[in-house]
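Q: predicted model and sequence follow; I will ask about them next.
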Amino acid sequence: MRVGSALLIALVLGSAIGCGSPSSGSAPKPAALTVNDWKAMPPDQKYTPETLERLKSGDPSLETAEGWEAFQKNVVIPARRKDFPNKR
């Protein structure tokens, strides 16, 4: 058997066995964001799906579809236009 083949087999078996640390099953939930925290964020982070989900979970009024749509129309869209004036 070649050294490369032996190394490949060792890597495959090692990854199948795992590194020995138990898996928790789910990643920890990121902290919720307040509207003021969101407004203070840099534009490149502010509009990611993950950030917007954190924002939704941080304010009970944003958890309803109607509340979230109104917030997007009145706050998110105008802020995005201000942060990215050349993108339309």
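A: Now that the structure is in, tell me what you want to look at. Numbering: from 1, shown residues only.
Q: stretch 79-88: which residues count as buried?
A: Within stretch 79-88, not a single residue qualifies as buried, counting by 16 or more other C-beta atoms under 10 Å. Glycine gets a C-beta too; all of them are placed from N, C-alpha and C.
Q: contacts for it next, please.
A: Here stretch 79-88 makes contact (C-beta atoms under 8 Å, 6 or more residues apart in numbering) with 39, 43, 46, 47.
Q: now those residues: which count as buried?
A: residue 46.
Q: can you flag which of the contacts of stretch 79-88 belong to helices?
A: Judged by DSSP state H, helices contain the following of the contacts of stretch 79-88: 39, 43, 46.
Q: from these, which is closest to residue 55?
A: residue 46 (9.0 Å; C-beta to C-beta).
Q: who's in contact with that closest one?
A: Residues in contact with residue 46 (C-beta under 8 Å, 6+ apart) are 38, 79, 83.
Q: closest to residue 31 out of the residues you listed?
A: Using C-beta to C-beta, the contacts of residue 46 come closest to residue 31 at residue 38, 12.1 Å.
Q: by mean pLDDT, point me to the weakest helix or strand of this structure.
A: helix 3-17 (a mean of 48; mean pLDDT, DSSP states H and E).
Q: can you list the low-confidence ranges for this structure?
A: Counting by pLDDT under 70, the low-confidence segments of the chain come to 1-29, 88.
Q: switch the contacts of stretch 79-88 over to CSV; also include distance to residue 67.
A: Below are the contacts of stretch 79-88 laid out as CSV (distance: C-beta to C-beta, whole Å):
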residue, distance to residue 67
39, 17
43, 23
46, 19
47, 18
